[in-house]
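> any chance you could fold what I've pasted below:
(2 chains)
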Amino acid sequence: MASAPGDRVERLTGALDLQTVPDKCVDRKDEQDDAQLVENARRGDRDAFGQLYDRYASMVHGILLARVPFRDVDDLVHDVFLLALPRLHTLRDVARFGGWLAAIARNRANDYHRRGMAEVEVELSDDTLERPSGTPASQTSVDTEAAAVLAAIRTLPETYREILLLRLVEGMTGPEIAARTGLTHGSVRVTLHRGMQQLRAKLAQLPAER
Amino acid sequence: MKNDYLWDGSGEPDPEIRRLEALLGGLRHSRTAPEFPPEFPKPSARWAGQRPRVEAAWGWLSFGAAAAVAVLAAGGVLWLSRPKPPLIPVAKWNVSRLEGAPRVDAQTIDAAKATGTLVAGQVIETDAGSKAGISSDEIGEIVVDPGSRLRLVANRSGVRHLALERGTIHASIWAPAGEFVVDTPSATAVDMGCVYTLHVDDSGDGELHTAVGWVGFKLGDREAFIPAGAACATRKNRGPSTPYFEDASGAFRVALSQLDQDKINPEERSSALRIVLTTARRRDAFTLWHLLSRVSAAERARVYDRLATLAPPPDGVTREGILQLDRRMLDLWWNEFGLGDVDLWRYWERNWSEQSRKGQ
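Next up is the predicted model:
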């Protein structure tokens, strides 16, 4: 992947001082706001927790979509927040809320597979995007193609999968992904570009209806 | 950097990316926030902290005489506004009998008493005919196979620390990454969000197999990252060997185990390294990455050249830097593999080390 000099500098700077990487790369204002929201939520402020939900639900949704069937993702998003709520007091560094929540989401997805869902592998590779009856045929066709692309993304390594879904499905930009997940800009940028390269190669192998 | 549509939407839109955005945008999250519980979990005996006493004090105050209100209220406000320690939940480990009669210290968990609890300092032990499960809603579940001895070393916020002295455990962990740590006589396993099996034999050597997610395995400065589908052995006083994907060829695995041995003559070692390098697949790049810090300087150049062919180093990573074992460059290269972000490991590793130091 070709990188601009600024990008390389950023990655090298991050690499040369890992202790400060997250602080340098996460949007400061977001971090401060999040910290305040987490503090307020810890004190029982449900509005604050609701605001955290509004900010982070897309991230959680993307992380789960990388791992579990589409039809179960929305319910699991709620599960993740309901799991996080009583655990907020265990969060040592309130500024790391995003990375902490992302870990809970990944582990909730692991748990989903662990709890005896043997058919999950089949479902993941043949995920249907269920819509209400009466959905126009054109929408069904779009859904079929979307399901095929989703399946292609899910064949990529886990790290690429997650970041690509946050970008292409949830509509988050690279800087937003970095800010929400606590990953470095450099790491997200590299993952995005390499993941997209691999996805293009996968899509080129799909049937010609695209 | 501008003009990078994929990165931040700037510049000329890439038609393929626009098409994918339009196609996949319909899957985007759109639900509103759920109704969160009307009350947060109330502090109770399970929760460390002072809030119950605070609430009791308020109740008493509201019942107090009016003459004292001004003074007490002022004092109370000051007292309540002081910095309070967060409420720390003490996760409880429940023990269940799966087979036979496992023991928690001297207590037997048998058919008559099929469940129990495990607290810090206690040991759960299974004989050849027994098997146990231990679980915590907030941490995960562990199956303890027959012939095992597992100690709960510490159980506090952010640190769930066990020690597997011998035997086998199967762990499915949903606690935040880095929180669940298992010591063995030959290395420490740090959960990074995963399902794994850990075995320790009577000599103290061990082996770890990861099924989901990834695990960090370390002894001192020697570390190994074991992603899903991979395994790693440990040797007492030596730490983690070189991890490998379990679907690697037999020749690759045998040669790799030879490289991990102390007693091997130079010819055999050179031959083993040649086999590892020539039979490595692209997927085995992560094994070669580990080898870089486990071989001599002369061998490292050979490993670098092969690894660079399988997985070209990213910008910022130089041959010279890698041959000098520059950790930052090594980490940058690792992140190229898509097996987990090592920055997260470093972050959690630091936190965990600090927590361990405080707790000991």
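
> quick one: the nearest residue to residue B:279 once chain neighbours are set aside and chain A, what's the gap?
Nearest residue to residue B:279 in three dimensions, chain neighbours excluded: residue B:252, at 4.5 Å (Cβ to Cβ, 6 or more residues apart in numbering or on different chains). The way it works is simple: take the backbone N, C-alpha and C, and place the C-beta from them, glycine included. With the distance defined as Cβ to the nearest Cβ, to the nearest Å, residue B:252 ends up 20 Å from chain A.

> for the strand or helix carrying residue B:252, packing partners?
Following DSSP states H and E, the helix or strand that holds residue B:252 is helix B:250-259. Contact here means 3 or more Cβ pairs under 8 Å, 6 or more residues apart in numbering or on different chains; DSSP states H and E; on that basis helix B:250-259 packs against strand B:244-245, helix B:266-279.

> just the angle between that helix and helix B:266-279, please?
Between the axes of helix B:250-259 and helix B:266-279, defined by axes from the mean of the first three to the mean of the last three Cα atoms, to 10 degrees, the angle is 140 degrees.

> and helix B:250-259, how far out from the chain's middle?
How far helix B:250-259 lies from its chain's middle: 27 Å, per Cα atoms, centre = their mean, to the nearest Å.

> now that helix: average pLDDT?
The pLDDT scores in helix B:250-259 average 95.

> neighbouring contacts of that helix?
B:233, B:241-242, B:244, B:248, B:264, B:268-269, B:271-273, B:275-276, B:279-280, B:284, B:287, B:291, B:294-295 (Cβ atoms under 8 Å, 6 or more residues apart in numbering or on different chains).

> among those, name the buried ones.
B:233, B:241-242, B:244, B:248, B:269, B:272-273, B:275-276, B:279-280, B:284, B:287, B:291, B:294-295 (16 or more other Cβ atoms under 10 Å in any protein chain shown).

> so can I have TSV of the helices and strands packed on helix B:250-259 showing distance to residue B:204 and mean pLDDT?
Compiled in TSV, the helices and strands packed on helix B:250-259 are given as follows (distance: least, Cβ to Cβ, whole Å; pLDDT from 0 to 100):
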stretch	distance to residue B:204	mean pLDDT
strand B:244-245	21	96
helix B:266-279	25	95
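
> could I get the ones you listed as a markdown table with distance to residue B:21?
Listed next are those as a markdown table, based on distance: least, Cβ to Cβ, whole Å:
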| stretch | distance to residue B:21 |
| --- | --- |
| strand B:244-245 | 34 |
| helix B:266-279 | 41 |
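
> where does chain B have low pLDDT?
B:1-3, B:37-91, B:193, B:344, B:348-360 (pLDDT under 70).

> quick one: list the elements packing against the lengthiest strand in it.
Longest strand in chain B by number of residues (criterion: DSSP state E): strand B:159-173. Judged by 3+ Cβ pairs under 8 Å, 6+ apart, strand B:159-173 is in contact with helix A:97-114, strand B:140-144, strand B:149-156, strand B:180-183, strand B:195-200, helix B:342-359.

> ok, the third one: who's next to it in the sheet?
Here strand B:149-156 has these sheet partners by DSSP bridges: strand B:123-125 (antiparallel), strand B:159-173 (antiparallel).

> next one: whichever residue of the stretch 151-300 of chain B sits closest to chain A relative to residue A:86, how far apart?
Among all residues of the stretch 151-300 of chain B, residue B:174 sits closest to chain A, at 3.7 Å; criterion: Cβ to the nearest Cβ. According to Cβ to Cβ, to the nearest Å, residue B:174 and residue A:86 sit 14 Å apart.

> which one's more surrounded, these two?
Neighbour totals were compared for residue B:174 and residue A:86, and residue B:174 leads with 26 against 15 (other Cβ atoms under 10 Å in any protein chain shown).

> my guess is that one contacts residue A:111, does it?
Yes. Judged on Cβ atoms under 8 Å, residue B:174 makes contact with residue A:111 at a distance of 4.9 Å.

> gap between residue A:91 and residue A:41?
Distance of residue A:91 to residue A:41, computed by Cβ to Cβ: 10 Å.

> give me the neighbour count for residue B:164.
Considering only other Cβ under 10 Å, residue B:164 is surrounded by 23 other residues.

> who are the contact partners of it?
Applying Cβ under 8 Å, 6+ apart, the residues contacting residue B:164 are B:148-150, B:182-184, B:198, B:200, B:206.

> ok, now how distant is the spatially closest residue to residue B:141 that is not a sequence neighbour from residue B:145?
Distance criterion Cβ to Cβ, 6+ apart; nearest residue to residue B:141, sequence neighbours excluded, is residue B:135 at 4.3 Å. Distance of residue B:135 to residue B:145, given as Cβ to Cβ: 15 Å.

> now do residue A:161
Counting by Cβ to Cβ, the gap from residue A:161 to residue B:145 is 33 Å.

> returning to what we had before: got phi/psi on the residue of the stretch 151-300 of chain B closest to chain A?
Backbone geometry at residue B:174, expressed as degrees, to the nearest 10, gives phi -120, psi 10.

> likewise for residue B:232?
Torsion angles, degrees, to the nearest 10, at residue B:232: phi -150, psi 130.

> do residue B:121 as well
Main-chain torsions, residue B:121, degrees, to the nearest 10: phi 100, psi -20.

> that one: neighbour count?
Neighbours around residue B:121, by other Cβ under 10 Å: 11.

> thought it was touching residue B:152?
Yes. At 7.0 Å, residue B:121 counts as touching residue B:152 under the criterion of Cβ under 8 Å.

> re the thing from before, give the closest residue to the residue of the stretch 151-300 of chain B closest to chain A in space, chain neighbours not counted.
In space, and not counting its chain neighbours, residue B:174 is closest to residue A:107: 3.7 Å by Cβ to Cβ, 6+ apart.

> OK, contacts around the one you found?
B:173-177, B:193, B:213.

> and stretch B:132-145, end to end?
7 Å (Cα to Cα, to the nearest Å).

> got it, and stretch B:10-27?
Terminal residues of stretch B:10-27 lie 23 Å apart, using Cα to Cα.

> now that stretch: buried residues?
Residues of stretch B:10-27 classed as buried by neighbour count (16+ other Cβ under 10 Å): B:17, B:20-21, B:23-24, B:27.

> shouldn't residue B:210 be within a strand?
Yes. Looking at residue B:210 with DSSP: H, G, I helix; E, B strand; the rest coil, it is inside a strand.
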